[in-house]
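Undergrad: With the sequence up front, the predicted model follows.
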There are 2 protein chains.
Amino acid sequence: MKLIKTPTKGMNDYLPGETALREYVKNIIVEGYAASGFSRIETPSVEHIENLTGKNGGDNEKLIFRIMKRGEELARAEESGADLCDSGLRYDLTVPLARYYANNSSKLPSPFLAMQIGNVWRADRPQKGRYRQFTQCDIDILGDSSPLAEITLISTTAGVLGKLGFGSFTIRINDRRLLKAAAAYSGFASETYDRVFIILDKLDKIGIDGVSAELLDSGFDPEAVGRMTGLYGGDGNADLFGFAGRIGGEETARIARDIDTVMKASAAAAGNGFTIVFDPSLVRGMSYYTGTIFEITMDGYGYSVGGGGRYDEMLGKFTGQNVPACGFSLGFERIVGALSDMGYKVPRRADDAVLLAEKGLSEGKTLEMFSDAARLRSEGKRVLVTAKMKNYGFQKKQLEAEGYSDFRVYSDN
Amino acid sequence: MKLIKTPTKGMNDYLPGETALREYVKNIIVEGYAASGFSRIETPSVEHIENLTGKNGGDNEKLIFRIMKRGEELARAEESGADLCDSGLRYDLTVPLARYYANNSSKLPSPFLAMQIGNVWRADRPQKGRYRQFTQCDIDILGDSSPLAEITLISTTAGVLGKLGFGSFTIRINDRRLLKAAAAYSGFASETYDRVFIILDKLDKIGIDGVSAELLDSGFDPEAVGRMTGLYGGDGNADLFGFAGRIGGEETARIARDIDTVMKASAAAAGNGFTIVFDPSLVRGMSYYTGTIFEITMDGYGYSVGGGGRYDEMLGKFTGQNVPACGFSLGFERIVGALSDMGYKVPRRADDAVLLAEKGLSEGKTLEMFSDAARLRSEGKRVLVTAKMKNYGFQKKQLEAEGYSDFRVYSDN
């Protein structure tokens, strides 16, 4: 029986050139994160199904790759009609991090600056730039409730994108508490906030008139819709203090001052030019966010390449005690895709060597060839040892395309 | 509901220090492999269940983590009583490589030197040093039937272990065709070879008398057992040409000459001292091996840290056409475990800095602090920005333990 050649649906084989670019970019990201004091950690790809379905994953919980029980446990479950699944592939790195921190916090510093580079899996409908196995690059600060956490996360991420050569990108920032204050000010009932936010999130695309129409269509109180339209409709939408002032209240003013500091200090610390703007209509999907939220878009690309925010109440679900937490995740494939579109190339060394063995080379010459290879490698060179082919011209061309420039043929003559 | 803190059974959370060691070792392995011309590739963790159960995985096929179908497909399977599973986590990197090569060979050079560093999963009984998620470091040469492939694989692997500081390790080498010739010479029926080899494989542990007794117990012909005992019982067991000479035949002599060249040239090319010995009782479990087989053991450790061999007939199961192939796999956790036992430490930089913010730091000073952080990072330093705690003495000690040595406090006074 012939086996199946293609990868499973929505997942990728990466060719050597693609993998080289991926690894090169990954190293720059890792080094950039480490330079700000983040420590890399690793958690398993497989998580307890209970943790994955604990309402922390939002819509991602519908996309889980479920893993079956094994052996006797499977047989028992089949017989009793119990759930056949006991675990699943993680759909993000945040749920595993929360579990990890709960499991290991006594051995970790506080605050803990965590770096995770790892694969996640979602059984999403595959489309351009969206895969069923993809890599997330996350940094999280656990145990710091101050805006220093936000500044470090945003400036580090912006700095890494700068090192990768991205000149123009925009970070939008908002705060869940401001969103709630805006909804309360407008007069929406608190149990309807999430539905209101889902519609408000479309402001960028459908404008304030579209948002207003959709809210009214959904049966919301016209007076509340009118107040929200007034709040979000003006020209001075991105004016942080103006927006907060219209809502009013001391707490709102304090949040606005923190956002202001985060924006200014992030720009100062990133050490490269980028735009950071207040966007009061930014919502972000995950319900676990409790404070600041942020998102990066590449200018010229329609999609977000990363985002994050503060989730002060999630760790409590594992430990029973809340720990302040804030994170920023980069979508690795989107960044590599954008770089690839820009024609980004991995720098290549000039002096890679190939030692070629003539057919039937004697043992003595073979030993000489491999000793030479060892010596050249100890000098820092990449050295390929291979058989010289009949069509040497073609072979040489192929090897030159792989970056080799120094060719040495070994023969007994 | 409180969630589950511990990782899933047999899988690991890695602390920052453990992860730092793992990444450091991984980089040395990747660089060592690349220096011999291996190109890194990446395949998905999830494979078609058909490929995983195609008899290429040996006993590993019993240990598959099976992934359930999703959505309508799952509902249809449940209704019709069809298989609920459509895929699984890979249990090695060889089956995915064979699929990858079949899928992509037109875009790959020939011979193709592939490097894979990736996780694999086996639902094995967890025990010390054996986990359900672990990392394999594989190099494979596809499309080269000459012993140059074996020499490159063995010398590269030995060189990498040398760079990691392992001074004393032993590589044992044998050839499946020699094993078969020995069994044929002894007079065993060819359909019983695999059963004979499983017993012969224990020679190291139970000696030639133990092997002989077990073969007789299993009902094998006493005459054949006697001839095999004669072949393997002598003192000159590790004498390659003596062993091959006792079996006789031109093919056997040719194989012995190739093994001899592989042994000598591997030692020459590795550029570091290690022992490579011929071991005619080395069997290796996987039935897909067709020629040379090899295994590494650390002197002083009871277990193998890696192994491999030639599998010239496996790729044909995907493509319909055989491609010569040979690979060498290192068990990453075993290597990291051995290094950890040896007290191996990741080298640390001396000048890492911490900028500490006094409580209630003004916006102006905060901007200054983050600007300083950006400047220090651009000079190549690792710089952590964090809040100064009430118990600064304890905080400083904790940070010193993490490797920081340069402490700067920012305050408005």
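TA: Structure's in. What do you need?

Undergrad: near chain B, which residues of the stretch 51-200 of chain A show up?
TA: Contacts of the stretch 51-200 of chain A with chain B, taken as C-beta under 8 Å from any C-beta of the partner chain, map to A:51, A:54, A:65-68, A:70-71, A:84-85, A:87, A:89, A:98-100, A:102-104, A:107-109, A:111, A:113, A:119, A:121, A:123, A:132-133, A:144, A:146, A:148, A:151-152, A:155, A:159. (Each C-beta comes from the backbone N, C-alpha and C, glycine too.)

Undergrad: Can you turn the buried subset of those into a selection I can paste into ChimeraX?
TA: Selection of buried members from those for ChimeraX, criterion 16 or more other C-beta atoms under 10 Å in any protein chain shown:
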select /A:51,54,65,66,67,68,84,85,87,89,98,99,100,102,103,104,108,109,111,113,119,121,123,132,133,144,146,148,151,152,155,159
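
Undergrad: mind checking how far the closest residue to A:Val211 other than its chain neighbours is from A:Gly307?
TA: Distances taken as C-beta to C-beta, 6 or more residues apart in numbering or on different chains put A:Leu203 closest to A:Val211, at 5.4 Å, once the chain neighbours are dropped. From A:Leu203 across to A:Gly307, the span is 17 Å (C-beta to C-beta, to the nearest Å).

Undergrad: Give the residue from those two that has the larger number of neighbours.
TA: Between A:Leu203 and A:Gly307, counted using other C-beta atoms under 10 Å in any protein chain shown, the more crowded position is A:Gly307 (22 against 19).

Undergrad: quick one: contacts for the more buried one?
TA: A:Gly307 is in contact with A:Arg284, A:Ile293, A:Phe294, A:Glu295, A:Ile296, A:Phe328, A:Ser329, counting by C-beta atoms under 8 Å, 6 or more residues apart in numbering or on different chains.

Undergrad: do that again at 7 Å, thanks
TA: Neighbour list for A:Gly307: A:Arg284, A:Phe294, A:Glu295, A:Ile296, A:Ser329 [criterion: C-beta atoms under 7 Å, 6 or more residues apart in numbering or on different chains].

Undergrad: Mind giving me the packing neighbours of the helix or strand of chain A with the lowest mean pLDDT?
TA: For chain A, counting by mean pLDDT, DSSP states H and E, helix A:316-319 ranks last in confidence among helices and strands (a mean of 83). Other helices and strands packing on helix A:316-319, by 3 or more C-beta pairs under 7 Å, 6 or more residues apart in numbering or on different chains; DSSP states H and E, are helix A:94-104.

Undergrad: What is the helix it packs on packed up against?
TA: When contacts are defined as 3+ C-beta pairs under 7 Å, 6+ apart, helix A:94-104 packs onto helix A:49-52, helix A:316-319.

Undergrad: which ones among the residues of the stretch 51-200 of chain A next to chain B are found in strands?
TA: Members of these lying in strands (criterion: DSSP state E): A:Arg66, A:Ile67, A:Met68, A:Cys85, A:Ser87, A:Leu89, A:Leu113, A:Asn119, A:Trp121, A:Gln133.

Undergrad: Can you say which two of the residues you listed are spatially most distant?
TA: Farthest apart among these by C-beta to C-beta are A:Met68 and A:Leu113. That separation is 36.8 Å.

Undergrad: Let's have the ones in strands among the residues of the stretch 51-200 of chain A next to chain B in a markdown table, adding pLDDT and distance to A:Glu402.
TA: Formatted as a markdown table, these follow (pLDDT from 0 to 100; distance: C-beta to C-beta, whole Å):
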| residue | pLDDT | distance to A:Glu402 |
| --- | --- | --- |
| A:Arg66 | 97 | 41 |
| A:Ile67 | 97 | 39 |
| A:Met68 | 96 | 42 |
| A:Cys85 | 94 | 44 |
| A:Ser87 | 96 | 41 |
| A:Leu89 | 98 | 34 |
| A:Leu113 | 97 | 39 |
| A:Asn119 | 98 | 27 |
| A:Trp121 | 97 | 32 |
| A:Gln133 | 97 | 27 |
